[in-house]
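*Asks:* here is a sequence with its predicted model. Questions after.
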Amino acid sequence: MNSVRRRYFFTGRVQGVGFRFTTARIARRHPVVGYVKNLADGRVELGIEAEEDVVGHFLIDIERALPRHVESRTCEDVEEAEAWEEFEVRY
């Protein structure tokens, strides 16, 4: 299996609704590493590394847990060398 590293950006009413902490709780149920953090422009950024199918299931679980809050999601591949050892909420 091949691991992927991606950064997702969620828009909508995603700040002030427990998005980061819900995402961190869901991450404990999946073999993922990375982070979730609020951005100054109102979006939430999710950095994730995991097997492709795990990423898909993880994203589905996030959107099922917060269906009324996510309006859109964009994605970009990550090539940076930062080592992600665990999943964390960043401030």
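*Replies:* That came in fine, so what should we check first?
*Asks:* which parts of stretch 42-52 are buried?
*Replies:* The neighbour-count check on stretch 42-52 (16 or more other Cβ atoms under 10 Å) flags 43, 44, 45, 46, 47, 48, 49, 50 as buried. C-beta: built from backbone N, CA, C; applies to glycine.
*Asks:* meant to ask about stretch 84-91
*Replies:* Buried residues in stretch 84-91 (16+ other Cβ under 10 Å): 84, 87, 88.
*Asks:* for residue 37, see how far away residue 14 is.
*Replies:* Going from residue 14 to residue 37 by Cβ to Cβ, to the nearest Å gives 11 Å.
*Asks:* so for the helix ranked longest in the chain, what's the average pLDDT?
*Replies:* Across the chain, the longest stretch assigned as helix under DSSP state H is helix 52-65. Taken as a whole, helix 52-65 has an average pLDDT of 97.
*Asks:* next SSE downstream of it?
*Replies:* Where DSSP states H and E defines the elements, the next helix or strand beyond helix 52-65 is strand 70-77.
*Asks:* what's that following strand packed up against?
*Replies:* Counting contacts by 3 or more Cβ pairs under 8 Å, 6 or more residues apart in numbering; DSSP states H and E, strand 70-77 packs against strand 3-12, helix 52-65.
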